[in-house]
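>>> predicted model follows, preceded by the sequence.
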Amino acid sequence: MTSTSNLKVGVLGFQGAISEHVEMVNLTLRSMGLKGSALTVKSEEQLDEIHGLIIPGGESTTIGLLSKRRGLVDGLVKMAGDGMVIMGTCAGLVVMARQVSDLKVDLSSQPLLGLIDMKVTRNGFGRQKASFETDLSIPLLGEEAFHAVFIRAPVIEAVGGEAEVIARYDGKAVGVQQKNLLATSFHPELSKDLRLHQYFIKKVQESTLVS
């Protein structure tokens, strides 16, 4: 593991909003006065180079299949169990769930990491034309509302164990935290608000994997 004087944050690099998260991570590190950078991760070996990981939005089946094909699934599950801080956004939230359904599509073959004890409905807010933006209350980020972008967003139907809901929209859960794991239905990388990425990086700094 690299030194925290040069913090490395991985962004799973198979498909989706990869460049947006890379840009947001680098901007957030600078805003916090930290040395480091984002690293696009495509192999299991690269997991040893990073302190934390983001699984971006995109197409959850593709992300899951490519992660499995490249031999990353077991490594990701182990690293999460060892305390690596992982944040999933939109499709990343779906991939991190233990149980996933879809209102229209058969997902029997969709690979999942099963990291967070939650049940998720994929595209729960509707397809592309149903995308929207709104201001959310996320108490762990402070009193100021967070401007959230929802694109074919999933809905968290239920959580169990140590998972806790951290944000809701229209009575539906859209953010969850479970120890070192964090996931949102929306795309924080498409907002100008850095607070969620700052919160994630602070958790990375506090991680047991950081030396």
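Structure's in. What do you need?
>>> for the rest of this, base every contact and every neighbour count on C-alpha atoms.
Will do.
>>> send the alpha carbons of stretch 156-170 over as PDB?
This file holds the C-alpha atoms of stretch 156-170, laid out as PDB (Å, rounded to 0.1, in the frame of the first residue of the first chain):
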ATOM      1  CA  ILE A 156     -32.900   1.200  -2.300                       C
ATOM      2  CA  GLU A 157     -35.900  -0.800  -1.300                       C
ATOM      3  CA  ALA A 158     -34.600  -2.200   2.000                       C
ATOM      4  CA  VAL A 159     -31.500  -2.300   4.200                       C
ATOM      5  CA  GLY A 160     -30.400  -4.700   6.900                       C
ATOM      6  CA  GLY A 161     -27.700  -5.500   9.300                       C
ATOM      7  CA  GLU A 162     -25.300  -2.500   9.800                       C
ATOM      8  CA  ALA A 163     -26.400  -0.700   6.700                       C
ATOM      9  CA  GLU A 164     -28.100   2.600   7.300                       C
ATOM     10  CA  VAL A 165     -29.900   5.000   5.000                       C
ATOM     11  CA  ILE A 166     -28.200   8.400   4.800                       C
ATOM     12  CA  ALA A 167     -30.400  10.100   2.200                       C
ATOM     13  CA  ARG A 168     -34.000  10.000   0.900                       C
ATOM     14  CA  TYR A 169     -35.900  11.500  -2.000                       C
ATOM     15  CA  ASP A 170     -39.700  11.500  -2.000                       C
END
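>>> now do the helices in this structure.
18-31, 60-69, 73-82, 91-96, 195-206 (DSSP state H).
>>> out of those, which gets nearest to Met118?
When the helices of the chain are compared by C-alpha to C-alpha, helix 91-96 sits nearest Met118, at 8.8 Å.
>>> now for Leu53: which residues touch it?
With contacts defined as C-alpha atoms under 8 Å, 6 or more residues apart in numbering, the neighbours of Leu53 are Val9, Gly10, Val11, Leu12, Met84, Val85, Ile86, Met87.
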